[in-house]
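Chemist: I need the structure of the sequence given here:
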Amino acid sequence: NFTTFDIPGADGTEGHGINDMGQIVGDFGDGRQFLGFLRESTGRFTTIGFPGKAVNGRPFGINNSGELVGEFLDAIGRHGFLRRSDGKLMIIDIPGSSTVAAIGLNNKGQATGYFDTGTEFHGFVRDPNGNLTIIIVPGALHTQPFGINNTGEIVGLFIGPRFRSFHRDAEGGFTMIEVPGAHYTEARGINDSGQIVGYFDDTSG
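Modeler: Numbers count the residues shown, from 1 in each chain. Got it, this is the predicted structure:
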């Protein structure tokens, strides 16, 4: 069964993440910029604000504690963020990078995403204490993690030189993922059973 929803007055609404309580996060357009939202299982919406003169904020993930991760843009650059369940916003910046995006979040509070070095994208995982571990697929030009499960397994995209996907286990080992016959494979999410979801392009589309 499908339920459709729109933010009242928005010119576009996108849902990106959902937790086990049915809370959904995403973004909507108001004609000038993108804003974040939290939709409760009752259908009530809350707009998510960002600091200063930020524009184009996008939450991507939510865990069962009600914590959110995403990105926002201001005059300095693109920042990742972790929003606590009490509404407190923690900015995720990486020294030397003007582009940081936090995409995935698990119930332990581990967040994953990627940042731009100026020439390459590298991945990261941030633990609940704020410690960062850099993720680089061996030999890859770009590494972009998207999903993390509750055991710390991570999936995402890498270029090296083709567009393929990776699975990183909790110990840091990598396994390549490529749909047979595809020229582009992108893994977007992983559950606690190790099932992985994503999409691919081949000669038929």
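Chemist: From now on I want contacts and neighbour counts done on CA atoms only, so please keep to that.
Modeler: OK.
Chemist: low-confidence ranges in the protein?
Modeler: The model of the chain has no residue with pLDDT under 70.
Chemist: P161: neighbour count?
Modeler: 10 (other C-alpha atoms under 10 Å).
Chemist: Verify the stated contact: it with L141.
Modeler: Yes: here P161 lies in contact with L141, judged by C-alpha atoms under 8 Å, at a distance of 7.1 Å.
Chemist: which residues does Y184 contact?
Modeler: For Y184, the contacting residues are 162-164, 178, 200-202, by C-alpha atoms under 8 Å, 6 or more residues apart in numbering.
Chemist: Nearest to I154 among those?
Modeler: Nearest to I154 among those: R164, at 14.3 Å, using C-alpha to C-alpha.
Chemist: Identify the residue nearest the closest one in space, chain neighbours excluded?
Modeler: In space, and not counting its chain neighbours, R164 is closest to T185: 4.9 Å by C-alpha to C-alpha, 6 or more residues apart in numbering.
Chemist: Touching, that neighbour and E178? I think so.
Modeler: Yes: using C-alpha under 8 Å, T185 is in contact with E178, at 5.8 Å.
Chemist: neighbour count winner among the two?
Modeler: With neighbours defined as other C-alpha under 10 Å, T185 and E178 compare such that T185 has more, 24 against 18.
Chemist: Most neighbours among the contacts of Y184, please name it.
Modeler: If you count neighbours using other C-alpha under 10 Å, the busiest of those is R164, which has 23 neighbours.
Chemist: so it is in which element?
Modeler: Per DSSP states H and E: R164 is located in strand 163-168.
Chemist: L157 and D93: what is the separation?
Modeler: L157 sits 21 Å away from D93, going by C-alpha to C-alpha, to the nearest Å.
Chemist: For those two, indicate the residue with more neighbours.
Modeler: Higher neighbour count among L157 and D93: L157, with 25 against 18, using other C-alpha under 10 Å.
Chemist: Find the nearest non-adjacent residue to the more buried one, please.
Modeler: S165 (4.3 Å).
Chemist: Who is that neighbour paired with across the strands?
Modeler: L157, I177 (DSSP bridges).
Chemist: got the contact list for it?
Modeler: S165 neighbours (C-alpha under 8 Å, 6+ apart): 155-158, 176-178, 185-187.
Chemist: Where neighbours are concerned, which of the residues you listed has the most?
Modeler: V155 (31 neighbours).
Chemist: Tell me what angle the helix or strand where that one lies forms with strand 163-168.
Modeler: Using DSSP H and E, V155 maps to strand 154-159. Calculated by axes from the mean of the first three to the mean of the last three C-alpha atoms, to 10 degrees, strand 154-159 forms an angle of 150 degrees with strand 163-168.
Chemist: Can you give the contact residues for strand 154-159?
Modeler: Counting by C-alpha under 8 Å, 6+ apart, 112, 137, 140-148, 163-170, 185-190, 196 sit against strand 154-159.
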